[in-house]
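Peer 1: Here is a sequence with its predicted model. Questions after.
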Amino acid sequence: TPINIHKVLILGAGIAGLTAAEEARRQAGEVEITLVSREKSLPYYRLNLTRFLAGEVAEEDLTIQHQDWFDAQRITYLAGEAHSIDRDAREVTLSDGKRLDYDRLIMANGAHPFIPPIPGANREGVMVLRTLDHAHKIINSLRPGSRVACIGGGLLGLETAWAIQRRGANVSVLEGFDWLLPRQLPPAAAALLFKHLEEQNMKIRCGVQVKEFTGDEAVRGVLLEDGSEIQADLVILATGVRPNSHLARQCGLKVKQGVVVNDQLFTSDKHILAAGDVSEHQGRVYGIWPASYAQGMIAGANAVGASGEFPGLPMTNRIKVLDVDLFSIGQIQAIDASTRLFEVEEGNNYRAIACHDGQVVGAVLYGDME
């Protein structure tokens, strides 16, 4: 470790922050490492929240590392929220006024759910799923026969809808695009998924625009642009996430969508790195687990003097909660006229390869994974 690096401070204890802490410790036995998390619980697998919501895993199985691991690794785990960064003093102030100084700072403070600007989005009963607290809140709001509308037919929306249906609710999924999982599936594969979910009594409408969440204090329904209204006691917004970039903006780091990093994952400040959902690498904000894990490892190593590079990754997605197997990698949607999709559909199975300028750029498997 370079002699001038004594204190490494990491903001965020998702998979990127936790992996960074672990890797920094592996590379540097003597450095002081502090991990700050704004969630009260110890680090957990956010990926498994929908499985927890479905009742498939218990809360204690979500935890990645327990306190005794932090003690053994000599990593300080601190519950708190960063309020501001002073780059000149190399100091982070927490919202309770506590100050932490650093030689290297790793921003791994993630993303937050995007709340679309729809009238009524602030009514009681309109919720999101991003944290364990959110999951508890949703579970506590459900009654047998509850009518739930999930806004968004992407991965999170479908997994959440499925999980909630497992708890005895009546669920409708509303997607603005013309087919489900528009980022992962071509229309033919999405049609198979649509048919399968409808057979499981899930109500799905694609190509619809939400005009308003109706009700008084509490939400009562979802009014669509076509004038129809879907009754709902609970609305879940699964309309994507946005990087938590406000701290970085405040202290003057270079930010576009996310906090801009180079191949070594350093930001525009040579003492600050960024990893995971908050970061933007070569114009891309990943928002997927494999990228957060890889970036966490590289940022943790580089923070204590290594010089690893993040090579970029293809986008990959698997579905965990629905009772279907689905795998999608790379660029599925047509970029321009020279994109070609080669598809094979056999019964309820589908496979496809997407090519662009003579190169394979994406692939999809649905049903049979062989």
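Peer 2: Structure received.
Peer 1: Tell me where the protein has helices.
Peer 2: 15-27, 49-53, 67-73, 132-141, 155-166, 187-199, 246-250, 289-303 (DSSP state H).
Peer 1: Among those helices, which comes closest to residue 218?
Peer 2: Shortest distance between residue 218 and the helices of the chain, using CB to CB, is found for helix 132-141: 10.2 Å. Any C-beta I mention is one placed from the backbone N, CA and C, and that applies to glycine too.
Peer 1: Next, the angle helix 155-166 makes with that closest one.
Peer 2: 30 degrees (axes from the mean of the first three to the mean of the last three CA atoms, to 10 degrees).
Peer 1: can you tell me which residues contact residue 114?
Peer 2: 237, 239-242 (CB atoms under 8 Å, 6 or more residues apart in numbering).
Peer 1: let's see 7 Å
Peer 2: 239-242 (CB atoms under 7 Å, 6 or more residues apart in numbering).
Peer 1: Give the buried subset of these as a PyMOL selection command.
Peer 2: A single PyMOL command is used to select the members of the contacts of residue 114 judged buried by 16 or more other CB atoms under 10 Å:
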select buried, resi 239+241+242
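Peer 1: picking that back up, is it possible to get JSON lines of the helices of the chain that adds mean pLDDT, distance to residue 352 and mean neighbour count?
Peer 2: Converted to JSON lines, these look like this (pLDDT from 0 to 100; distance: least, CB to CB, whole Å; neighbours: other CB atoms under 10 Å):
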{"stretch": "helix 15-27", "mean pLDDT": "98", "distance to residue 352": "29", "mean neighbour count": "25"}
{"stretch": "helix 49-53", "mean pLDDT": "95", "distance to residue 352": "25", "mean neighbour count": "22"}
{"stretch": "helix 67-73", "mean pLDDT": "97", "distance to residue 352": "42", "mean neighbour count": "13"}
{"stretch": "helix 132-141", "mean pLDDT": "97", "distance to residue 352": "33", "mean neighbour count": "15"}
{"stretch": "helix 155-166", "mean pLDDT": "95", "distance to residue 352": "18", "mean neighbour count": "24"}
{"stretch": "helix 187-199", "mean pLDDT": "94", "distance to residue 352": "7", "mean neighbour count": "18"}
{"stretch": "helix 246-250", "mean pLDDT": "98", "distance to residue 352": "38", "mean neighbour count": "16"}
{"stretch": "helix 289-303", "mean pLDDT": "97", "distance to residue 352": "21", "mean neighbour count": "25"}
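Peer 1: low-scoring stretches of this structure, by residue?
Peer 2: 320-321 (pLDDT under 70).
Peer 1: For the spatially most central residue of it, give its distance to residue 278.
Peer 2: Note on the chain: the residue nearest the mean C-alpha position is residue 287, at 5.1 Å, using CA atoms, centre = their mean. Using CB to CB, to the nearest Å, residue 287 is found at 10 Å from residue 278.
Peer 1: what is residue 235 paired to in the beta sheet?
Peer 2: residue 126, residue 149 (DSSP bridges).
Peer 1: can I assume it is in contact with residue 125?
Peer 2: Yes. Under the criterion of CB atoms under 7 Å, residue 235 makes contact with residue 125 at 6.4 Å.
Peer 1: Now residue 54: phi and psi?
Peer 2: phi -80, psi -10 (degrees, to the nearest 10).
Peer 1: Neighbours of it, how many?
Peer 2: Neighbourhood size, residue 54 [other CB atoms under 10 Å]: 20.
Peer 1: one step back: what's the closest non-adjacent residue to the residue nearest to the centre of the chain?
Peer 2: Of all residues not flanking residue 287 in the chain, residue 277 sits nearest, at 5.3 Å (CB to CB, 6 or more residues apart in numbering).
Peer 1: Which residue, neighbours along the chain excluded, lies closest to residue 146?
Peer 2: What sits nearest to residue 146 in space, not counting adjacent residues and going by CB to CB, 6+ apart, is residue 169, at 4.3 Å.
Peer 1: check contacts around that neighbour.
Peer 2: Contacts of residue 169 by CB under 7 Å, 6+ apart are 142, 146, 148.
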